[in-house]
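Engineer: Model the structure of this input:
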Amino acid sequence: MVSKAVKVSEENYNWLCEIAGTAQAEEKRVVSIDEAITKVRKRLSGGKLSDLAGAWKTMSEKEAKDFMRDLRAGWKKWTKSA
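Structural biologist: A predicted model of the protein is given here:
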């Protein structure tokens with residue numbers, strides 16, 4: 001593995017630490033920031049639907065609102081094309 005230094009805001013760093021902390025609690029092992037980034041990347045790259053199982057438990061209120069907004073927009077597009 002090649003190590004690289006990347007600058008992130010304190011807000012983003014804290015967010016990644018929160019993701020890593022949640023993963024550590026679920027997996028009962030140490031989860032690195034790199035693993036946390038990989039988890040986010042996999043979620044965003046359209047993994048399997050089953051990958052989302054349990055996501056509601058760790059989703060923030062803002063993430064839930066954003067998710068529902070995007071879901072409604074997708075439903076509107078789908079029903080217009082049907």
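Engineer: how far out from the middle of the chain is stretch 22-41?
Structural biologist: 11 Å (Cα atoms, centre = their mean, to the nearest Å).
Engineer: and that stretch, how far apart are its ends?
Structural biologist: 16 Å (Cα to Cα, to the nearest Å).
Engineer: What is the neighbour count of residue 35?
Structural biologist: Neighbour count of residue 35, defined by other Cβ atoms under 10 Å: 17. Bear in mind the C-beta positions are built from the backbone N, C-alpha and C, glycine included.
Engineer: How about residue 66?
Structural biologist: 12.
Engineer: where does it land in three-state SS?
Structural biologist: helix (DSSP: H, G, I helix; E, B strand; the rest coil).
Engineer: In the helix or strand hosting residue 36, which of the residues would be classed as buried?
Structural biologist: Here residue 36, judged by DSSP states H and E, is contained in helix 33-44. Of all the residues in helix 33-44, those buried under the rule 16 or more other Cβ atoms under 10 Å are 35-36, 39.
Engineer: Many thanks, we can stop here.
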